[in-house]
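Asker: could you work out the structure for the sequence below:
(one chain, ligands or ions: 1)
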Amino acid sequence: MSVNRRGTLFVVSAPSGAGKTTLCRELRKRVPGLAYSVSVTTRAPRPGERNGVDFDFTDETRFRQMVEAGEFAEHAMVHGHHYGTRAATLERALAGGTDILLDIDTQGAARLKAHTPEAVLIFIVAPSMKELEQRLRERRSDGETEIERRLARAREEIPLWPRYDYLVVNRDVKEALDLLEAIVLAERARTRRLSLHFNDLEVPN
Ligand code: 5GP
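Answerer: The predicted model follows:
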């Protein structure tokens, strides 16, 4: 018997501080065959971030050239910086039957779903606004103004959760990871994504 499957886009969005970066990294360690779409951004690298691995860091001029050349499947302005998903990365993965994980904001997720309806959209939230604020403060990577900006954006983004296919509440990392893994594995078994061939099964006419 042989089973063939097209690659699937797994799009993950979350308000800043919900734990999405950690969950996406750990999910990729757990689930084999999940590639990652490295976004292009004009924001400066944070300590420890590697060019070409976490993001492709670029400047405004180059980003604009890429937009004009039609290189992005979607792009958006988030927290005052440009971010974009390369169309070629997605096409290469999907054509080769590889699943791909995208960590993109709510605007990007909506654009990809309109373009690729079979994409799987997953929204991650912290259990409360209080918890979200605490996590943003514990990160110590942002100043007060930036924290306020991220909280304001979270208040706008959280009500968009019904546009997603799945909701993951990140109370506990292990519990959230178990759920994410289950979602990916179940989506991989969806009959509409599969073609099946039995060598020894005679199908009646
Ligand atoms: P950060 O700069 O904090 O890593 O990411 C800020 C936000 O930008 C996050 O919500 C992240 O999901 C989003 N983001 C990262 N890459 C892309 C992208 O290629 N497209 C869009 N639309 N959003 C992105």
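Asker: hey, let's count contacts and neighbours off CA atoms from now on
Answerer: OK.
Asker: and the longest helix belonging to the chain, how far out from the chain's middle?
Answerer: Identified as the longest helix of the chain according to DSSP state H is helix 173-188. Per CA atoms, centre = their mean, to the nearest Å, the displacement of helix 173-188 from the mean C-alpha position of its chain is 14 Å.
Asker: what packs against the helix or strand of the chain with the lowest mean pLDDT?
Answerer: Confidence across the helices and strands of the chain bottoms out at strand 2-5, with a mean of 85, counting by mean pLDDT, DSSP states H and E. On a contact count with 3 or more CA pairs under 8 Å, 6 or more residues apart in numbering; DSSP states H and E, strand 2-5 meets strand 194-197.
Asker: show me what contacts Gly19?
Answerer: In this structure, Gly19 makes contact with 124, 126, 170, judged by CA atoms under 8 Å, 6 or more residues apart in numbering.
Asker: and the strands in the protein, which stretches?
Answerer: The residue ranges that make up the strands of the chain, judged by DSSP state E, are 2-5, 9-13, 34-36, 39-41, 55-57, 72-78, 81-86, 99-103, 120-125, 166-169, 194-197.
Asker: packing partners of the third one?
Answerer: Spelled out, that is strand 34-36. Other helices and strands packing on strand 34-36, by 3+ CA pairs under 8 Å, 6+ apart, are strand 99-103.
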